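Asker: Sequence first, predicted model second:
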Amino acid sequence: MTDTSPAAVRAAISAEPISVGEHEELVSRSGAGAVVAFGGVVRDHDQGREVTQLEYVGHPSAEELMAEIAAEIAALPKVHAVAISHRIGLLGVGDVALAAAVSAAHRGEAFDACRQLVEEVKARLPIWKRQIFTDGAEEWVAAP
């Protein structure tokens, strides 16, 4: 049986934890030969400085724009389904900030589409990041 649900199955901004595995499940399709997933995880350093937390703040239009980006990627040839979520709020080291998954006919299309999905979100999504360092300093990283 072939799953005929919409190709862009999730595009969300969430204050709750997000799961890469859940995104993989959302895009699984019986006709897809590949599922590629990406998890953007909070790391403990940036440019030689130790990071303790990140805070993500999104513009009210962020979820709508994320849905547009997901639909663009879902419309690519041989892509079966797309799911992407970005976390907002305070995140600790090891937390997933961005989860993305794409299913496609073949691995090449799936890898390419997942990379394009993540790159477009990073380039276009109006989300700001505040890095909090171990020395108490903080730094805002502007959205596109």
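Answerer: Ah, there it is. What you see is a predicted model; the values in this text were computed from it and never measured.
Asker: okay, the host helix or strand of residue 101 in PDB with CA atoms only?
Answerer: Counting by DSSP states H and E, the element that carries residue 101 is strand 96-104. This file holds the C-alpha atoms of strand 96-104, laid out as PDB (Å, rounded to 0.1, in the frame of the first residue of the first chain):
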ATOM      1  CA  VAL A  96      18.300  19.000  19.200                       C
ATOM      2  CA  ALA A  97      17.700  22.500  17.900                       C
ATOM      3  CA  LEU A  98      16.800  21.500  14.300                       C
ATOM      4  CA  ALA A  99      15.400  18.200  13.100                       C
ATOM      5  CA  ALA A 100      14.800  17.500   9.400                       C
ATOM      6  CA  ALA A 101      14.100  14.400   7.400                       C
ATOM      7  CA  VAL A 102      13.400  13.700   3.700                       C
ATOM      8  CA  SER A 103      12.300  10.600   1.900                       C
ATOM      9  CA  ALA A 104      12.900  10.200  -1.800                       C
END
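Asker: quick one: low-confidence ranges for this structure?
Answerer: 1-6, 143-144 (pLDDT under 70).
Asker: longest single helix anywhere in it?
Answerer: helix 107-124 (DSSP state H).
Asker: which parts of the next helix or strand after that one are buried?
Answerer: Using DSSP H and E, the next helix or strand after helix 107-124 towards the C-terminus is strand 127-133. Buried residues in strand 127-133, counted by 16 or more other CB atoms under 10 Å: 127, 129, 131. The C-beta positions use only the backbone N, C-alpha and C, and glycine is treated the same way.
Asker: re earlier: can you give me the angle the strand holding residue 101 makes with helix 107-124?
Answerer: Counting by axes from the mean of the first three to the mean of the last three CA atoms, to 10 degrees, strand 96-104 lies at 140 degrees to helix 107-124.
Asker: Go through strand 96-104 and flag the buried ones.
Answerer: Within strand 96-104, the residues that qualify as buried are 96-104, counting by 16+ other CB under 10 Å.
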